[in-house]
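Peer 1: mind folding the following:
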Amino acid sequence: MSDSDGLFGGGFFEADAPRPLADRLRPKTLEEVVGQDHLLGEEGPIRRMIDQGRLTSMILWGTPGCGKTTMARLLADQTDLAFEPLSAVFSGVADLRKVFDRARDRRMGGKGTCLFVDEIHRFNKAQQDGFLPYVEDGTVILVGATTENPSFELNAALLSRCQVFVLNRLDEEALNLMVGRAEDLEGRPIPLNAEARASLLGMADGDGRYLLNMVEALYALGISKPMDRDELAKVVQRRLPVYDKGQDSHYNLMSALHKSLRGSDCDAALYWFGRMLAGGEDPLYIARRLIRFAYEDIGMADPAAAVQALAGWDTYKRLGSPEGELALTQVVIYLATAPKSNAAYKAFKTCQRVAKDTGSLAPPKHILNAPTKMMKDLGYGADYAYDHDSEDGFSGQNFFPETMKRENFYQPVERGFEREIRKRLDYWDKLRKKRNQS
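Peer 2: The predicted structure is shown next:
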């Protein structure tokens, strides 16, 4: 007998070895999987595949602890496929070749293979390309799991051969159900009062595996009197929010903050700002984006917004964390409550487009300087009207190229300071028309 068949490879005593609570509570059927009814319910697309006795290659995209690995294993079981699990973190090309060889042998014997690849986004482009012929000819049914946006992390060729299914982050109802199953298995309630129980679910942050690990730690304390929320916080660590500064959540939360500011929802903006800080985002990155927002979405409706944003950035650079974060908090509040206008942003985009379309049109000669006699003879500077010599400080001359019709790039809105700017532009338009008619 080899070691792999005996004591050291999961032989005689494996059934008696201690197993984590999360493993003991792992669903045995797809019906026991919580929180994914949109995929596994009666009308769910994966349920329909199972009912029809067919399984196609797929990518399961979801947050940690939402059941991706469990679903893949159960899919293999319910479709009578051999289950080959791999982790992209610990596997390479040699491991894949072995799996494909075994799958090819099984196929010749009339049995299919479900290849489950955890964290499939960790494979590079060449490794992902290596799946293609085996997925195409049906040697394996690929089930890949990823916490990252497949659109960014997986090859287009591989994505075109797989269906992408988005798994829900586990909500309070699903997490409560998992705690109930743990209590049934243990034959006793978790030692928490109602308030602490709710706090425990919040600490899990949608991660079922993490929740069950915390529940197991609570049972291991061996206490009988229910703890309150403060006592719970002393013995169980809160799970850090899921946030990867280089990946999808980074852009999602920034987008949420930007759009909350644009929508003048101060409280929502503060929430997403807090989420980014809690996830470890660089406050200076947030500060830069707040400055961009001040110019793009507020602009001249409140010119002080950009000043506030710059001051907040400068304050943070001088004070650092955590004192400087209060300055950024003030900026978030100011920007959220300021009047909004994207007129300057639209003017910029439009003038850029028109400038490209019109090419290299020369300025009219009357606004060109004439430092040489030849240039004066050519008409440079001729008939230029010095605006300050006019009674109202406005000449009304044309400053566009002579062959180009006048454009109105900047269209201020009737909000905030842009109301005053609108009055000024209307006044100058009126004078311009009057001068040009005379």
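Peer 1: what's the helix or strand for E420?
Peer 2: Per DSSP states H and E: E420 is located in helix 418-437.
Peer 1: ok, residues contacting that helix?
Peer 2: 299-301, 339, 341, 343, 392, 394-396, 410, 412-414 (Cβ atoms under 8 Å, 6 or more residues apart in numbering). To be clear about C-beta, it is placed using only N, CA and C from the backbone, and glycine gets the same treatment.
Peer 1: do the same with stretch 201-219
Peer 2: Taking Cβ under 8 Å, 6+ apart as the rule, stretch 201-219 contacts 20-22, 25, 34-35, 63-67, 169-172, 174-176, 178-179, 182, 186, 190-192, 200, 235-242.
Peer 1: which parts of that stretch are buried?
Peer 2: In terms of neighbour count (16 or more other Cβ atoms under 10 Å), stretch 201-219 has its buried residues at 201, 203-216, 218.
Peer 1: centre of the chain to stretch 54-61, how far?
Peer 2: On the basis of Cα atoms, centre = their mean, to the nearest Å, stretch 54-61 is displaced by 23 Å from the centre of the chain it belongs to.
Peer 1: could I get the contacts of helix 418-437 as TSV with distance to V99 and neighbour count?
Peer 2: TSV is the format used below for these (distance: Cβ to Cβ, whole Å; neighbours: other Cβ atoms under 10 Å):
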residue	distance to V99	neighbour count
G299	57	29
M300	61	22
A301	60	23
P339	60	18
S341	58	24
A343	58	20
D392	82	10
F394	78	15
S395	79	17
G396	78	19
Y410	62	18
P412	63	23
V413	60	17
E414	65	10
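Peer 1: of all these, which two lie farthest apart?
Peer 2: With Cβ to Cβ as the measure, no two of these lie farther apart than P339 and S395, at 32.2 Å.
Peer 1: quick revisit: looking at the contacts of helix 418-437, spot the one nearest F100.
Peer 2: Among the contacts of helix 418-437, G299 lies closest to F100 (Cβ to Cβ), at 57.4 Å.
Peer 1: returning to what we had before: the helix holding E420: which residues count as buried?
Peer 2: Going by neighbour count (16+ other Cβ under 10 Å), the buried part of helix 418-437 is E418, I421, R422, R432.
Peer 1: what separates the first and last residues of stretch 160-173, distance-wise?
Peer 2: Across stretch 160-173, the terminal residues are separated by 34 Å (Cα to Cα, to the nearest Å).
Peer 1: distance of the residue positioned nearest the centre of the chain from A278?
Peer 2: The chain has N252 as the residue nearest its centroid, 2.5 Å off, counting by Cα atoms, centre = their mean. Per Cβ to Cβ, to the nearest Å, N252 is found 15 Å from A278.
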